[in-house]
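coords please:
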Amino acid sequence: MAALSGKVVQNVLVAKCCQQNRKFSTQYQRDCCAPNMRSLLPFQGGKLAWTGFFTMRLCTMSKFSRGIVYCNAAPSTTALPSLEKADFLKLQNGSDIRGVAVAGVEGEPVNLTEAVTEAIAAAFAAWLLDKKKPDAFRRLRISIGHDSRISAQKLQDAVSRGIAGAGLDVIQYGLASTPAMFNSTLTVNDEFLCPVDGSIMITASHLPYNRNGFKFFTNAGGLGKADIKDILERATNIYLNFTAEGLTDSERKASLSVKRVDYMTVYTSNLVAAVRKAAGNIEKPLEGFHIVVDAGNGAGGFFAGKVLEPLGAITSGSQFLEPDGLFPNHIPNPEDKAAMKAITKAVLDNKADLGIIFDTDVDRSAAVDSTGCEFNRNRLIALMSALVLEEHPGTTIVTDSVTSDGLTTFIENKLGGKHHRFKRGYKNVIDEAIRLNSGGEESHLAIETSGHGALKENHWLDDGAYLMVKLLNKLASARASGIGGGSKVLTDLVEGMEDPAVAVELRLKIDQNHADIKGGNECFGSSRSFRDYGEAVLKHLENIINLDPKLQKAPVNYEGVRVSGYGGWFLLRLSLHDPVLPLNIEAPGDEDAVKLGLAVLAAVKEFSAVDTSALDKFV
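Here you go, the predicted structure:
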């Protein structure tokens, strides 16, 4: 095993037991189910034991890795006809890639196979080579990390083969967070082989166990939609031209070039240093604070032992820190009611000062104060806005489109900032904040109601752990100033923030097989896509609203149709990716909420391809 300054754990063997010509298939999907795959991920001391997993189980893993193995077949230089058809562009999810990686869920066939993954990784390598020309002294290198999903290991190996086969160096981080992967492109540390030129996080956020996907980074930040489309188009061509000889060569190169580094040590030490600095370089600024963490069995379990405890905090009562890709306790999602109930109960049961909860890959977070008051969605935005506006008075807070009117009043009237609503999608919100700054309007925070929050001071990275560090900074600095009261210092910051009495989100699905879309109708015309149909619904709603004196369309709005009336508001928009019209309604009471719902229903009922059952039930 190779070592580099004591920081490179090992060269990782990803080749199989013999040189082989392989027929790609989804045979492993039919031969094993999720529980069997889970058993392949051994636990040691509450952590997934990736190290040492490769050589001991190499032969037994082969049947799960690349389908049927032919050890004695001669290599071929022609494209492999046995590759299953793959529609790469359907894997795009905005600025991410997501697909089904594990069989077992009815109606969800696997489309993120190892062959597809290897092609995508090779395409990212080719894209990176176009963007960053390597010099004569060092090859480009890409770091790879993953969350706790049961498909993580096989996809990490496939990604490694794709990158190595393209001639780039591969640095595996193992279990990691999405923000850490971006940070690895910025860190300057030769011992940890940093900075890397590009980074890939294997994750599908809070989606079910059978899903997985990829997020990509350079030192300029996360890739955008156009970049992802480019990579998937490249991957299509690479996939079609796979040969047995080339695939065997990529395995050989991977076995020689892949290294493993414990980069999370660097990332967590930076978080610890940030809190100490905020408290005046006190070694244990959180000493005496009782803070519980709920990682939802994702990748965020490190926060209790690697961040809070070195700062002096008590973390007893923290829960679900062990990685488990079947997510047996609750969905790792700060927007999920069951998840927030779980962390709230942990805070109250343990009489803790603060509770912190992360999503699977730690790019989102939320918190709970000592009384059980939740800081998520609008209240998390309010709290982060208060902290940022203390440091940058008058700055613009960029949010997504579904934030409440009460939040606008709080930011602008109470805090003295400016609230700028934009489109849903964390990358949309971040890019809008960057655009405002480039145009001369100061913005230091871009944050979605989902919990994605990015700060200018942190390179516009949506980092759930860093958001929580900002809360810890406030606790630590207040303690250093002689202010006690536990998390009350945070609760006081959102005093005056009005929460609506009624707040709901309804999803109105568009039936793509409906005759209105297949054949068109007089309202819709001849276009046939669900997106055109949805836009026609929104246009019709807008026309109706213009005729109703009790309703007023928002003068500035970047997404859907947002309307105020009856003391509240609604927003009907078209989903970024799915045939769905999400409807958000907030109102001071049930009667007012129903009036807003009826206004929407009057417009959408004329479009019979829209399933209004959720709205019918609501009103």
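
Where does residue 593 fall, secondary structure wise?
Per DSSP states H and E: residue 593 is located in helix 590-604.

Of all the residues in that helix, which ones are buried?
For helix 590-604, burial by neighbour count (16 or more other CB atoms under 10 Å) applies to 592, 593, 594, 595, 596, 597, 599, 600, 601, 603, 604. C-beta coordinates here come from the backbone N, C-alpha and C atoms, glycine included.

Do a quick rundown of the strands in the stretch 201-350 of the chain.
Remark: strands assigned in the stretch 201-350 of the chain by DSSP state E, counting those that start in this stretch are 211-218, 221-222, 259-261, 291-294.

Just tell me which of the ones you listed ends up closest to residue 452.
strand 221-222 (11.0 Å; CB to CB).

Can you list the strands that that closest one pairs with?
Sheet neighbours of strand 221-222, with direction, are listed as strand 211-218 (antiparallel) (DSSP bridges).

picking that back up, need the winner for burial among the strands of the stretch 201-350 of the chain.
Each of the strands of the stretch 201-350 of the chain was scored by mean neighbour count; the highest is strand 291-294, a mean of 30, by mean count of other CB atoms under 10 Å.

ok, and what's touching that one?
300-301, 303-304, 308, 313-321, 339, 342-343, 346-347, 350, 352-358 (CB atoms under 8 Å, 6 or more residues apart in numbering).

on that earlier part again, now, which of the buried residues of helix 590-604 sits nearest residue 231?
Distances from residue 231 to those, taken by CB to CB, are shortest for residue 604, at 36.7 Å.

and the closest residue to the closest one other than its chain neighbours, what does it touch?
Take residue 604 and drop its neighbours on the chain: the residue closest to it by CB to CB, 6 or more residues apart in numbering is residue 610, 5.1 Å away. Each residue near residue 610 by CB under 8 Å, 6+ apart is listed here: 508, 509, 510, 511, 537, 581, 604.

Report the buried residues of stretch 88-99.
By 16+ other CB under 10 Å, the buried positions in stretch 88-99 come out as 88, 91, 92, 93, 94, 95, 96, 97, 98, 99.

mind listing what the first one touches?
Read that as residue 88. 116, 119, 120, 232, 233, 235, 236, 239.

What segments of the stretch 351-500 of the chain are helices?
Counting by DSSP state H, counting those that start in this stretch, the stretch 351-500 of the chain has helices at residues 378-391, 405-409, 426-438, 464-480, 488-491.

any idea how far the second one is from the chain center?
Computed by CA atoms, centre = their mean, to the nearest Å, the separation of helix 405-409 from the middle of its chain amounts to 26 Å.

hmm, who's touching that helix?
Against helix 405-409 from outside (CB under 8 Å, 6+ apart): 378, 381-382, 399, 419, 421, 497-500, 564, 568-569, 586.

Could you rerun that using 10 Å?
Contacting residues not belonging to helix 405-409 are listed as 377-379, 381-382, 385, 397, 399, 418-421, 449, 496-500, 503, 554, 562, 564, 567-569, 586 [CB atoms under 10 Å, 6 or more residues apart in numbering].

are any of the contacts of residue 88 buried, and which?
116, 119, 120, 232, 235, 236, 239.

residues contacting the fifth one?
If I follow you right, that is residue 235. Contacts of residue 235 (CB under 10 Å, 6+ apart): 86, 88-89, 91, 97, 116-124, 126-127, 162.

rewinding a little: in JSON lines: the helices of the stretch 351-500 of the chain, plus distance to residue 224, mean pLDDT and mean neighbour count.
What follows is the helices of the stretch 351-500 of the chain, written out as JSON lines (distance: least, CB to CB, whole Å; pLDDT from 0 to 100; neighbours: other CB atoms under 10 Å):
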{"stretch": "helix 378-391", "distance to residue 224": "23", "mean pLDDT": "98", "mean neighbour count": "22"}
{"stretch": "helix 405-409", "distance to residue 224": "27", "mean pLDDT": "95", "mean neighbour count": "18"}
{"stretch": "helix 426-438", "distance to residue 224": "7", "mean pLDDT": "96", "mean neighbour count": "20"}
{"stretch": "helix 464-480", "distance to residue 224": "21", "mean pLDDT": "95", "mean neighbour count": "23"}
{"stretch": "helix 488-491", "distance to residue 224": "34", "mean pLDDT": "95", "mean neighbour count": "18"}
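
Residue 335 is nearest to which of these?
Using CB to CB, the helices of the stretch 351-500 of the chain put helix 378-391 closest to residue 335, at 10.3 Å.

so how far is that closest one off the chain centroid?
On CA atoms, centre = their mean, the centre of helix 378-391 falls 21 Å from the chain's centre.

same deal with stretch 562-576?
Remark: stretch 562-576 is offset 26 Å from the chain centroid, using CA atoms, centre = their mean.

how far does that stretch stretch from start to finish?
16 Å (CA to CA, to the nearest Å).

buried set for it?
Using 16+ other CB under 10 Å as the test for burial, stretch 562-576 gives 562-563, 565-575.

ok, residue 419 - contacts?
381, 385, 396-399, 403, 405, 407-412.

before we move on, the earlier item: format the contacts of residue 610 as TSV; extra columns: secondary structure and pLDDT.
Output for these, formatted as TSV (DSSP: H, G, I helix; E, B strand; the rest coil; pLDDT from 0 to 100):
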residue	secondary structure	pLDDT
508	strand	97
509	strand	96
510	strand	95
511	coil	94
537	helix	96
581	strand	97
604	helix	95
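
State the distance from residue 192 to residue 180.
11 Å (CB to CB, to the nearest Å).

More neighbours: which of the two?
It is residue 180, of residue 192 and residue 180, that has more neighbours when counted by other CB atoms under 10 Å, with 28 against 23.

How about the secondary structure of the more buried one?
Under DSSP: H, G, I helix; E, B strand; the rest coil, the three-state class of residue 180 is helix.

the helices in the stretch 501-619 of the chain, which residues?
515-519, 530-546, 590-604, 613-618.

Which neighbouring elements make contact with the third one?
Helix 590-604 is packed against strand 502-509, helix 530-546, strand 561-565, strand 568-572, strand 580-587, helix 613-618, with contacts defined by 3 or more CB pairs under 10 Å, 6 or more residues apart in numbering; DSSP states H and E.

From the chain's centroid, how far away is that helix?
On CA atoms, centre = their mean, the centre of helix 590-604 falls 33 Å from that of its chain.

CA-only coordinates of that helix in PDB, if you can.
Extracted in PDB, the C-alpha atoms of helix 590-604 (Å, rounded to 0.1, in the frame of the first residue of the first chain):
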ATOM      1  CA  ASP A 590     -58.900  28.500   6.900                       C
ATOM      2  CA  GLU A 591     -61.700  30.500   5.300                       C
ATOM      3  CA  ASP A 592     -59.200  32.800   3.500                       C
ATOM      4  CA  ALA A 593     -57.100  29.900   2.400                       C
ATOM      5  CA  VAL A 594     -60.200  28.200   0.900                       C
ATOM      6  CA  LYS A 595     -61.000  31.400  -1.000                       C
ATOM      7  CA  LEU A 596     -57.600  31.500  -2.600                       C
ATOM      8  CA  GLY A 597     -57.800  27.800  -3.400                       C
ATOM      9  CA  LEU A 598     -61.200  28.300  -5.100                       C
ATOM     10  CA  ALA A 599     -59.700  31.100  -7.300                       C
ATOM     11  CA  VAL A 600     -57.100  28.600  -8.500                       C
ATOM     12  CA  LEU A 601     -59.600  25.800  -8.900                       C
ATOM     13  CA  ALA A 602     -61.800  28.000 -11.100                       C
ATOM     14  CA  ALA A 603     -58.900  28.400 -13.600                       C
ATOM     15  CA  VAL A 604     -57.400  24.900 -13.600                       C
END
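
Okay then, goodbye and thanks.
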